[in-house]
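Chemist: What follows is a predicted structure for the sequence shown.
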Amino acid sequence: MIKSIALVTVWVLDQDRAKDFYVNTLGFELRSDERLGSFRWLTVAPHGQEVVFVLMPIAPNPMMDEGTVATLRGLVEKGVMGPAGLLTDDVHATYAELSKKGVKFVYPPKEQPYGIETILRDDSGNPFSLVQRRK
């Protein structure tokens with residue numbers, strides 16, 4: 001029986017830049033940064049979070065040819081590949097803190113039926129819903 005989600009793939013344009021963004025800007029923990037030949041396994045997660053983000057480069061590999069790479073790169077750059085939602089206890093404070101660090105947002109925090117939400121974009125263009133749940 002499946003017990004939980006272990007990892008989420010986040011397609012990134014540049015692994016070094018993504019590592020810096022997730023670790024130094026968002027404050028995630030670096031969980032692994034391993035080289036397996038020419039392949040780099042790079043994972044990050046919020047502190048205390050079991051599920052990790054695999055920061056996967058958009059590059060040709062045995063499962064992805066050049067055409068697929070170009071298509072995927074275009075989709076990520078357009079910001080249509082929202083890989084996950086993120087939770088915070090205070091969306092307004094997190095929005096202010098990350099805005100000062102240069103994080104780009106689609107819109108400021110606003111009331112939604114499920115809580116207060118904003119959408120941030122990572123350094124590759126991936127959108128993430130950032131939500132403060134209703135109490």
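Modeler: Nice, I can see it.
Chemist: Leaving aside the residues adjacent along the chain, what's closest to Ser32?
Modeler: Thr43 (4.7 Å; Cβ to Cβ, 6 or more residues apart in numbering). Backbone N, C-alpha and C define where each C-beta goes, glycine included.
Chemist: Tell me which other helices or strands the strand or helix carrying the one you found touches.
Modeler: In this assignment (DSSP states H and E), Thr43 forms part of strand 39-45. For strand 39-45, the elements it packs on are helix 15-20, strand 29-36, strand 52-57, judged by 3 or more Cβ pairs under 8 Å, 6 or more residues apart in numbering; DSSP states H and E.
Chemist: Now render those as CSV, adding mean pLDDT.
Modeler: Formatted as CSV, the helices and strands packed on strand 39-45 follow (pLDDT from 0 to 100):
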stretch, mean pLDDT
helix 15-20, 98
strand 29-36, 96
strand 52-57, 97
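Chemist: just checking, which of those sits deepest inside the structure?
Modeler: Here the criterion is mean neighbour count by mean count of other Cβ atoms under 10 Å, and of the helices and strands packed on strand 39-45 the winner is strand 52-57, at a mean of 21.
Chemist: What would that one look like as PDB? C-alpha coordinates only.
Modeler: Listed in PDB are the C-alpha atoms of strand 52-57, where the atom choice follows Å, rounded to 0.1, in the frame of the first residue of the first chain:
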ATOM      1  CA  VAL A  52      11.600  16.700  -1.200                       C
ATOM      2  CA  PHE A  53      11.700  18.700  -4.500                       C
ATOM      3  CA  VAL A  54      14.000  17.100  -7.100                       C
ATOM      4  CA  LEU A  55      15.500  20.000  -9.000                       C
ATOM      5  CA  MET A  56      15.700  18.300 -12.400                       C
ATOM      6  CA  PRO A  57      17.500  19.900 -15.300                       C
END
